[in-house]
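*Asks:* mind looking at a prediction? Sequence and model below.
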Amino acid sequence: MTDPLLRLVDLKTHFQTKGVGLFGEKKVLKAVDGVSFDIAQGEVLGLVGESGCGKSTVGRTLTHLEKTTSGQAFFEGREFLSMTPHKFRPLRREIQMIFQDPFASLNPRLKIEQTLGEPLFIHGLCKTWNEARSKIAATLERVGMDPKIMSRHPHEFSGGQRQRIGIARVMILQPKLVIADEAVSALDVSIQAQFLNLIKKLQRDSGMSMLFISHDLGVVRHISDRVAVMLAGKIVEIGDKHQIFEAPQHEYTRKLLNSIPRIAIGKEA
Ligand SMILES: Nc1ncnc2c1ncn2[C@@H]1O[C@H](COP(=O)(O)OP(=O)(O)OP(=O)(O)O)[C@@H](O)[C@H]1O
Ligand SMILES: [Mg+2]
């Protein structure tokens, strides 16, 4: 049997909070409190749960933005949470994140060409700007943007276009795993479906895996193969998307499903 692309084993990320308990002990916020799951190559795992349940902290821990308290995460069989920044560097290219706010993640002073090109040099994927430009053009086309926009700045684009540019910046690095954290939540509902289809197509064509974090069950249903339901730092149920949506086992999953109007549950891709 081959290793899954990603395996989490009893991951815990706790935060020290300012307050103290009744006996003067330091209070701990258990944002992620024993999370285990696998993501196979080419698979999309949706991670759902109410605000504050710890979804983003899972993603931030996996990209070394938060320090893990205990537990392990394996990428292609190698534990990477304990890696030094130097050792982790090659994995930074292979594990990419897409965030909610595309504008915040694009440097307003840089031309699109620089925004997309510089990571190519940093990660040693290109040696010359000619080479970089042809990669940038091809990637912009893949996300439905005219390659000519390369010489323009982020403020010249709409929210939806910026999100496409953000996705191009991730795809150009040919990651094996993309962690999308509320990637479509800031977009108008009218263009959300279009975006999900784009992400799904890019994912299928490239064979990459995804951890798709969202509080929106309709969105998660649309894009995921499997779904994990998170409550207060723990996974309460994980399974095939059809099982989760059509025959939920856990009481909390049923409660989540009942809390959204049926019409909001999009049809899966
Ligand atoms: N760096 C931090 N320091 C202290 N507490 C934190 C930190 N990051 C997150 N938290 C807390 O951890 C808990 C989980 O937060 P997290 O952002 O992971 O939730 P979430 O499921 O992504 O919520 P949302 O759906 O609102 O994005 C929250 O109570 C949050 O306030
Ligand atoms: Mg979040």
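*Replies:* Cool, the structure landed. Residues are numbered from 1 along each chain as shown. Ligands and ions are numbered 1, 2, ... in the order given.

*Asks:* poorly predicted segments of the chain, please.
*Replies:* 1, 102-103, 260-269 (pLDDT under 70).

*Asks:* ranges for the strands of it?
*Replies:* Assigned by DSSP state E, the chain shows strands spanning 6-20, 26-39, 44-48, 70-75, 78-79, 95-98, 177-181, 209-213, 226-231, 234-240.

*Asks:* columns distance to Gly117 on top of the ones you listed, output as TSV?
*Replies:* Every C-beta, even on glycine, is put in place using the N, C-alpha and C of the backbone. Output for those, formatted as TSV (distance: least, Cβ to Cβ, whole Å):
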stretch	distance to Gly117
strand 6-20	28
strand 26-39	29
strand 44-48	28
strand 70-75	26
strand 78-79	29
strand 95-98	16
strand 177-181	20
strand 209-213	24
strand 226-231	35
strand 234-240	39
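
*Asks:* want to try CSV for those, with mean neighbour count and distance to ligand 1 as columns?
*Replies:* Listed next are the strands of the chain as CSV, based on neighbours: other Cβ atoms under 10 Å; distance: least, Cβ to the nearest ligand atom, whole Å:
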stretch, mean neighbour count, distance to ligand 1
strand 6-20, 15, 4
strand 26-39, 18, 3
strand 44-48, 25, 9
strand 70-75, 18, 15
strand 78-79, 12, 22
strand 95-98, 23, 13
strand 177-181, 24, 7
strand 209-213, 26, 7
strand 226-231, 22, 7
strand 234-240, 18, 12
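
*Asks:* my read: Thr139 touches Ile167, true?
*Replies:* No: using Cβ atoms under 8 Å, Thr139 is not in contact with Ile167; the gap is 9.2 Å.

*Asks:* skip the chain neighbours and tell me the closest residue to Met83.
*Replies:* Leu91 (7.5 Å; Cβ to Cβ, 6 or more residues apart in numbering).

*Asks:* give the burial count for that neighbour, as a bare number.
*Replies:* As a burial measure, Leu91 scores 19 neighbours (other Cβ atoms under 10 Å).
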